[in-house]
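> No sequence on hand, only this structure:
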């Protein structure tokens, strides 16, 4: 019995099939099948019942899973407590919402590389709904998104809230929400949904919302006088400095953006857990400046 065999057994049991386990582990399906067969031979028992629909664990397989999970947790603890951070050379696949990219992602990556100078990082920038799906499908290890995510396999670490601010073009003075379009986050986002509800409640169904998949494009639309915008204050600072846009108060606010660093917690990954801690520090430092 080897650690590789136990690790492979856990992925097959979690994902319910050899093909998906092979994709997750980035090895061939015959390699996965070979490890499972060798494990069954070493233990002298059948761990999975095979069918065209996939595999299901036998009673012995269920018993082994409990032991294998404990062993996996111990291995991650050993890596965390014994292996020097500078020796960690794992690949970390990170998904990030655009708001975070424009705010404190550089600070986060700088601290992450300072702690783990030899890790390899892949960055995916996307909307939260897509990042959530990629995390659940295990194509991402960690995601910084509007959270938390409600799934038994995902661990969530809350990040400092980001306040939203109203902006208008410097040339505009009178704002009428009945006729002035509101430019904000993309249609499939929580801020868009909450803003739409507030506008309908206050001004009726005639209000116009212009969703933008790019925050900076949205702010440029505000500066051009196309409409007013609702975005994080920090992201409008440069255009305010240029005298192109101004903050204004319509007398009501939309709820702050709540982000989380979410990662696959089953199986436990100490690198992801440490990266989540670093993300919290980077966010707190940036927002306090």
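Received, thanks. Just so it is clear, the structure is predicted and the values come from calculations on it, not from any experiment.

> what's the single longest helix in this protein?
Among the elements of the chain assigned as helix by DSSP state H, the one spanning the most residues is helix 59-81.

> quick check, distance from that helix to the centre of its chain.
Between the centre of helix 59-81 and the centre of its host chain there is 26 Å, according to Cα atoms, centre = their mean, to the nearest Å.

> what packs against that helix?
The elements that helix 59-81 packs onto, with contact taken as 3 or more Cβ pairs under 8 Å, 6 or more residues apart in numbering; DSSP states H and E, are helix 3-15, helix 270-288. To be clear about C-beta, it is placed using only N, CA and C from the backbone, and glycine gets the same treatment.

> mind listing what's buried in it?
The neighbour-count check on helix 59-81 (16 or more other Cβ atoms under 10 Å) flags 61, 64-65, 68-69, 72, 75-76, 80 as buried.

> Of the helices and strands packed on helix 59-81, which is nearest residue 101?
The stretch from the helices and strands packed on helix 59-81 with the least distance to residue 101 (Cβ to Cβ) is helix 270-288; that distance is 12.4 Å.

> Run through the neighbouring helices and strands of the closest one.
Taking 3+ Cβ pairs under 8 Å, 6+ apart as the contact definition, the neighbouring helices and strands of helix 270-288 are helix 59-81, strand 91-96, helix 105-115, strand 142-146, strand 154-158, strand 259-264.

> Export the ones you listed as CSV, with columns for distance to residue 251 and mean pLDDT.
CSV is the format used below for the helices and strands packed on helix 270-288 (distance: least, Cβ to Cβ, whole Å; pLDDT from 0 to 100):
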stretch, distance to residue 251, mean pLDDT
helix 59-81, 50, 83
strand 91-96, 33, 92
helix 105-115, 33, 93
strand 142-146, 25, 94
strand 154-158, 29, 94
strand 259-264, 26, 94
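
> what inclination does the helix or strand containing residue 122 have with respect to helix 270-288?
Applying DSSP states H and E as the criterion places residue 122 in strand 120-125. For strand 120-125 against helix 270-288, the angle by axes from the mean of the first three to the mean of the last three Cα atoms, to 10 degrees is 60 degrees.

> What is the subsequent helix or strand relative to strand 120-125?
Sequence-wise, the next helix or strand downstream of strand 120-125 (DSSP H and E) is helix 128-136.

> taking the mean pLDDT, what do you get for that next one?
Along helix 128-136, the predicted confidence averages to a pLDDT of 91.

> Buried residues of it, list them for me.
Residues of helix 128-136 classed as buried under the neighbour-count rule (16+ other Cβ under 10 Å) are 128, 130-132, 134-136.

> give the contact list for the residue of the chain most remote from its centre.
For the chain, the C-alpha lying farthest from the average C-alpha position belongs to residue 44; by Cα atoms, centre = their mean, that distance is 41.5 Å. The contact partners of residue 44, taken as Cβ atoms under 8 Å, 6 or more residues apart in numbering, number zero.

> And it, how close does it get to residue 1?
Distance check for residue 44 against residue 1: by Cβ to Cβ, to the nearest Å, it reads 11 Å.

> same check, this time on residue 156
Distance check for residue 156 against residue 1: by Cβ to Cβ, it reads 34 Å.

> Look at these two and report which has more neighbours.
Comparing residue 156 with residue 1 by neighbour count (other Cβ atoms under 10 Å), the higher total belongs to residue 156, at 17 against 14.

> coming back round to it: any idea which of the buried residues of helix 128-136 is closest to residue 54?
When these are compared for distance to residue 54, the smallest value, 17.9 Å, is given by residue 136; criterion: Cβ to Cβ.

> correct me, but that closest one touches residue 145?
No - using Cβ atoms under 8 Å, residue 136 is not in contact with residue 145; the gap is 11.8 Å.

> For residue 285, see how far away residue 278 is.
Summarising the geometry, the distance separating residue 278 from residue 285, computed by Cβ to Cβ, is 11 Å.

> Kindly apply the preceding question to residue 135 instead.
Going from residue 135 to residue 285 by Cβ to Cβ gives 25 Å.

> Kindly report the same for residue 169.
Counting by Cβ to Cβ, the separation of residue 169 from residue 285 is 32 Å.

> So for these two, which residue has more residues nearby?
Neighbours around residue 169 and residue 285, counted as other Cβ under 10 Å, are more numerous at residue 169. The numbers are 19 against 14.

> Now do the phi/psi pair for that one.
Listed backbone geometry of residue 169 is phi -60, psi 140, with angles given as degrees, to the nearest 10.
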